[in-house]
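> predicted model and sequence below, questions to follow.
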Amino acid sequence: MTSKPIAQSGMENFRKVRTSEEESPLPFPNLPPGVVEMKVKEGSKIRNLMSFAMAQMELKGSRQIVFSGCGRAVTKTITCVEIMKRKLGGLHQVTKVRYKTLLEVWENQDPLPGGAAQNLTVHKNVPSICILLSRDPLDPNQTGYQPPEPREVGEDASSSSAKGLKRPPPPAREELLPKKLQVAGASSPQGSGTRDSQTDGHY
């Protein structure tokens, strides 16, 4: 029962001063040289990431781009990919999930008198995701492949064209009335059609 508070009190004097990510090659074969890799961090702003990524794909004519993130940045990485797929359309996708090692350096803020500052290095294995987006077709048999989604632009165009059609004029007021009521109203000059329609309802 006493080991847990002792361990916690032992770490109270340490402060995390640096976090580094283990470098590893991208898990996609036959990537073109100089392919752009968007490394998404936990504190990255999606607006800044998308501005740079869209400039690479639209202005510089890149055919492929990779989004990668690990730990708490995985969700933000997926969000960036979905935004780009929606904006560009027709993109082939390959998703790879793996684990990466993070190195955290903790520094002792209360070292022993006359002693050097003590540092601790902690190795953490965290989930990581790499997503390749490509304008060019990819091997559909490889694990994690997703074909391009149908573009919503065509659907919007068809729906807008349908909205542009003129609606037929509403039917005349007489057409909305039951036939028996119309006949009764025409045969009764005093407007007794309502009473006749109620009588017809008994038959």
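Yep, that arrived. Not measured: the values here are computed from a predicted model.
> give me the distance between the nearest residue to residue 76 once chain neighbours are set aside and residue 137.
For residue 76, ignoring the flanking residues on the chain, the nearest one in space by Cβ to Cβ, 6 or more residues apart in numbering is residue 40 at 5.3 Å. For the C-beta atoms, the positions are set from N, CA and C on the backbone; glycine is no exception. In this view, residue 40 and residue 137 are 25 Å apart by Cβ to Cβ, to the nearest Å.
> next one: residue 98
According to Cβ to Cβ, residue 98 and residue 137 sit 24 Å apart.
> neighbour-wise, which of residue 40 and residue 137 wins?
residue 40 (24 against 9; other Cβ atoms under 10 Å).
> now do the longest helix seen in the chain: which elements does it pack against?
Secondary structure of the chain per DSSP state H: the longest helix is helix 74-88. Contacts defined by 3 or more Cβ pairs under 8 Å, 6 or more residues apart in numbering; DSSP states H and E place helix 74-88 against helix 46-54, strand 64-70, strand 119-134.
> relative to residue 17, which of these is closest?
Closest of those to residue 17 is strand 119-134, at 8.0 Å (criterion: Cβ to Cβ).
> for the closest one, name the packing helices and strands.
Counting contacts by 3+ Cβ pairs under 8 Å, 6+ apart, strand 119-134 packs against strand 64-70, helix 74-88, strand 92-108.
> which secondary structure element of the protein has the lowest mean pLDDT?
Least confident helix or strand, the chain: helix 152-164 with a mean of 42, by mean pLDDT, DSSP states H and E.
> what's in contact with stretch 55-67?
26, 28, 31-32, 35-38, 40, 53, 77, 80-81, 84, 88, 130-136 (Cβ atoms under 8 Å, 6 or more residues apart in numbering).
> partners of residue 120 in the sheet?
Beta-bridge pairing for residue 120 (DSSP bridges): residue 106.
> returning to that earlier point: which of the helices and strands packed on helix 74-88 is buried the deepest?
Across the helices and strands packed on helix 74-88, averaging neighbours per residue (mean count of other Cβ atoms under 10 Å) puts strand 64-70 on top, at a mean of 23.
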